[in-house]
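Enquirer: this one's sequence-less:
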């Protein structure tokens, strides 16, 4: 087994860097695996950046729902960028060394951004609940101030819930081995490598993860169950079908996100099944962010119209520039 660089201390040896093992891929499939994940990463970035851009430039999309969606898209871009470039590098180079501080910084950002995303999903669910079930009160409740407040609260809660266990784990003693059986630094693999007793830290992380996942999930269940009841009462079958189609798409994304995160983090003992977390992490960091722009926004007719209008303006501007020299 490969051991990392160490220095002598009073307590033994101190780990200075870790080695990310990556994802096991056959040698002849490495290029294909790299290209697939690179395309998925670029498509996720482009889809989410498109949502942010079109929301900013089109005044018709400057509503609370699209404000939350564009914020969620920004969070998704940050989320996948913390892990996927690392995976791409490891695929090409085999294993990759990562300094101790950088490793824990990556775990911190990944978990904080991930938790913030779940709180934003809860805020988006509440927004849809108010828009569909309380349409008369919706403009008053979902003011710009309330929207900014919900986004700020989501970020603060994500930071408060995930900061303490990661900081506490970083202060544990690491004496080797150094190999992390993952493609990025995550809480479970790091807890598995600690030479200190980390049971209390793992239980704290487990408790906070349960609160984050189930609190946001309960809000989403409350919102969408009331939405379904309201939809059932709609007089038009076409309106009911359209609304149910939208809700089912949202629920697919929620199921993927909550399912993969529950599989990874809702285990009281993080030392169990570390290897199997890589498959769930791939779903969480590659598949779901790729589907989110399609399911949440790009299937929306308002966005389609805004994109057509934006393309028309670009074409008109290009035509005018080409015509100008001849005038």
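Expert: Received, thanks. For clarity, every value in this text was computed on a predicted model and none was experimentally measured.

Enquirer: host element of residue 98?
Expert: strand 96-99 (DSSP states H and E).

Enquirer: Now do the same for residue 293: its pLDDT.
Expert: Per-residue confidence for residue 293 comes out at a pLDDT of 77.

Enquirer: now the closest residue to residue 195 other than its chain neighbours: how far from residue 181?
Expert: Spatial nearest neighbour of residue 195, excluding adjacent residues (CB to CB, 6 or more residues apart in numbering): residue 175 at 4.3 Å. No exception for glycine: its C-beta is placed from N, CA and C like everyone else's. Separation of residue 175 from residue 181 (CB to CB, to the nearest Å): 18 Å.

Enquirer: again with residue 167
Expert: Residue 167 sits at a distance of 23 Å from residue 181 (criterion: CB to CB).

Enquirer: if we can go back for a sec, do me a favour and average the pLDDT over the helix or strand just after the strand holding residue 98.
Expert: The first helix or strand that comes after strand 96-99 along the chain, using DSSP H and E, is helix 100-133. Throughout helix 100-133, pLDDT has a mean value of 91.

Enquirer: How about stretch 224-239?
Expert: Per-residue scores along stretch 224-239 average to 78.

Enquirer: Measure how buried the residue nearest to residue 195 is and give me the count.
Expert: Residue 175 is flanked by 16 other residues according to other CB atoms under 10 Å.

Enquirer: mind checking pLDDT for it?
Expert: For residue 175, the pLDDT comes out at 83.

Enquirer: State whether it is indeed within a helix.
Expert: No - with DSSP: H, G, I helix; E, B strand; the rest coil as the criterion, residue 175 is located in coil rather than a helix.

Enquirer: quick one: it and residue 193 touch, right?
Expert: No - contact between residue 175 and residue 193 fails when scored by CB atoms under 8 Å: they sit 9.3 Å apart.

Enquirer: Need the overlap of contacts for the two.
Expert: Common contact partners of residue 175 and residue 193 (CB atoms under 8 Å, 6 or more residues apart in numbering): residue 15.

Enquirer: Residue 19 reaches residue 182, doesn't it?
Expert: No - when contacts are counted by CB under 8 Å, residue 19 is not listed as touching residue 182 (10.8 Å).

Enquirer: quick one: which of these two has more around it?
Expert: Each of residue 19 and residue 182 had its neighbours counted (other CB under 10 Å), and the higher figure belongs to residue 182 (25 against 18).

Enquirer: any chance you could map the strands in the chain?
Expert: Under the criterion DSSP state E, strands of the chain are mapped to 6-9, 12-15, 17-20, 96-99, 179-180.

Enquirer: which one of the ones you listed has the lowest average pLDDT?
Expert: The stretch with the lowest average pLDDT out of the strands of the chain is strand 6-9, scoring a mean of 41.

Enquirer: Run a quick neighbour tally on the nearest residue to residue 219 once chain neighbours are set aside.
Expert: Distances taken as CB to CB, 6+ apart put residue 122 closest to residue 219, at 4.1 Å, once the chain neighbours are dropped. Residue 122 has 22 neighbours, counted by other CB under 10 Å.

Enquirer: try residue 227
Expert: Other residues near residue 227 number 21, with proximity taken as other CB under 10 Å.

Enquirer: Do I have it right that it meets residue 128?
Expert: Yes - under the criterion of CB under 8 Å, residue 227 makes contact with residue 128 at 6.3 Å.

Enquirer: Right, I'll leave it there.
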